[in-house]
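> got a sequence here, can you model it:
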Amino acid sequence: MNDIGPVLALSIAATCCLPASARQLDVARFLKERGAESAELRQLARSPSPAVVPVAFYDKDGMAPSCGLLVAVPHAAKPRYIDILDADSGSTFPQCVAIPSIRAFRLQDRRYLAIEYLDRDTRDDTYRYFHYVYDDPAQGFVEDKMLNDGVPSSDLRKQADGIKLARETMMRKTFPQWRFLERDFIAGDTSSFATFEDGHARACHFAMEAGTKPLSANLADVASTTGCASVLAATRLDAPAATYYISMFRSDAGKQLVAIASIANDGTLKVEKDLSADINGAGATGDIRAARTALSQRLGTFSDPSTRQ
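Residues are numbered from 1 along each chain as shown. Model prediction:
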């Protein structure tokens, strides 16, 4: 076990300049009251929120490091501790060996933090996990059980984006009645677009969100046709005032058609029926690349690129 180190010293020093709601985040006091000692992780990310501070420590008589979050609680004198990985007493595993990143994002009209941490389960096995908390006006940051249970661990040898995984999990949970098409899922830091198939109803759908409640639509309805046999592909096109999403599908009549949606820079969600009719009417649906090119050309004909019909 180690004495209080430079990472902890920085955390303590930082509390002098925090807002009143976060001055309660006294790491040294927390460790003393718990009878714990600071753990020197190889990475301990800074929190983007002053109301949350990551901590890593050895509990009394502990042999493996635990980690969690100290959270400022509105109108409370002491912080709340949120456990991320609690090492077993007297055991060398599991170990919280790093918190490489803490990233802020919006989802379902809430302010979230995605905490990436590394869990060493055995001498040879280490896994990446994400822990999610969101800001509750009455309680401060609290855990999101749905995301924490739904987002799986990931292979350390592969890249993993905790925000994208959160958006994917939210989409799956919001529309459980449809089959989520992972192949066509498109997500970034601020928005996402998903496609679904409903084999029983011979229908296909898309859903999009930009940090708020998702907006969904039936692909056949958007393309003014009937029935959907399958979704073929999806892509995105960035324009100055909005990001456009194209979903290509095969109708019950065997035609390849597209349904288009957009997310404006201000977060406005729109189903683009007129643009869909233009691309389908021009027959530019041989493949997703042709449809994307046609959409790009169509948007380029606007005298004002910011115009949204």
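> domain-wise, how is this protein divided?
Domain assignment for the chain, taken from automatic domain parsing, gives 6-166, 176-300.
> now the shortest one, how far from the centre of its chain.
Looking back up the chat, that one is domain 176-300. Computed by CA atoms, centre = their mean, to the nearest Å, the separation of domain 176-300 from the middle of its chain amounts to 21 Å.
> same list (the domains of the chain) but as CSV, adding mean pLDDT and mean neighbour count.
C-beta here means a position set from N, CA and C on the backbone, and glycine is covered the same way. Below are those laid out as CSV (pLDDT from 0 to 100; neighbours: other CB atoms under 10 Å):
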stretch, mean pLDDT, mean neighbour count
domain 6-166, 89, 17
domain 176-300, 97, 18
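> next one: the nearest residue to Trp178 once chain neighbours are set aside from Ala76, what distance?
For Trp178, the nearest residue in space outside its immediate sequence neighbours is Phe196; the separation is 3.6 Å by CB to CB, 6 or more residues apart in numbering. For Phe196, the distance to Ala76 under the criterion CB to CB, to the nearest Å works out to 43 Å.
> likewise Ala201?
As for Ala201, its distance to Ala76 is 50 Å (criterion: CB to CB).
> which parts of the stretch 201-309 of the chain are helices?
Along the stretch 201-309 of the chain, the stretches classed as helices by DSSP state H, counting those that start in this stretch are 219-222, 273-281, 288-300.
> what is the first one packed up against?
Helices and strands touching helix 219-222, as assessed by 3 or more CB pairs under 8 Å, 6 or more residues apart in numbering; DSSP states H and E, comprise strand 203-209, strand 228-238, strand 242-251, strand 256-264.
> same deal with the last one?
Helices and strands in packing contact with helix 288-300 are listed as strand 228-238, strand 242-251, helix 273-281; criterion 3+ CB pairs under 8 Å, 6+ apart.
> let's have those in JSON lines, adding distance to Ser38.
Rendered in JSON lines, the data for the helices and strands packed on helix 288-300 read as follows (distance: least, CB to CB, whole Å):
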{"stretch": "strand 228-238", "distance to Ser38": "45"}
{"stretch": "strand 242-251", "distance to Ser38": "44"}
{"stretch": "helix 273-281", "distance to Ser38": "57"}
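> Ser49 belongs to a strand, doesn't it?
No. Going by DSSP: H, G, I helix; E, B strand; the rest coil, the assignment for Ser49 is coil, not a strand.
> contact partners for it?
Residues in contact with Ser49 (CB atoms under 8 Å, 6 or more residues apart in numbering) are Ala104, Leu113, Asp135, Phe141.
> wait, doesn't the second one sit right on Ser101?
No. If you go by CB atoms under 8 Å, Leu113 and Ser101 don't touch, sitting 10.2 Å apart.
> which residue sits farthest out from the middle of this protein?
Distance from the C-alpha centroid of the chain, by CA atoms, centre = their mean, peaks at Ala253 (37.2 Å).
> what about it, distance to Thr226?
Applying CB to CB, one obtains 8 Å for the distance of Ala253 from Thr226.
> repeat that for Ala210.
Here the distance between Ala210 and Thr226 works out to 30 Å (CB to CB).
> circling back: mark which of the contacts of Ser49 are part of strands, please.
When those are checked against strands using DSSP state E, the ones located there are Ala104, Leu113, Asp135, Phe141.
> out of those, who's nearest Pro54?
Out of those, the one with the shortest distance to Pro54 is Leu113. That distance is 9.9 Å, counting by CB to CB.
> find the nearest non-adjacent residue to the closest one, please.
Setting aside the residues directly before and after it, Leu113 is nearest to Val133 in space (CB to CB, 6+ apart), at 5.2 Å.
> I'd say the one you found and Val142 touch.
Yes. With contact defined as CB under 8 Å, Val133 reaches Val142; the gap is 6.2 Å.
> between the two, what contacts are shared?
Val71, Ile82.
> residues in contact with Leu215?
With contacts defined as CB under 8 Å, 6+ apart, the neighbours of Leu215 are Ala207, Met208, Glu209, Ala261, Leu269, Val271.
> distance to Gln177 added to these, as CSV?
CSV is the format used below for the contacts of Leu215 (distance: CB to CB, whole Å):
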residue, distance to Gln177
Ala207, 12
Met208, 18
Glu209, 17
Ala261, 20
Leu269, 21
Val271, 20
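> what segments of the stretch 1-150 of the chain are strands?
Per DSSP state E, counting those that start in this stretch, the stretch 1-150 of the chain has strands spanning 37-38, 52-58, 66-71, 80-85, 95-107, 110-120, 126-136, 140-143. These are given in chain order.
> pull the distance from the shortest one to the chain's centre.
If I follow you right, that is strand 37-38. If you compare the mean C-alpha spot of strand 37-38 with that of the full chain, they lie 31 Å apart, counting by CA atoms, centre = their mean.
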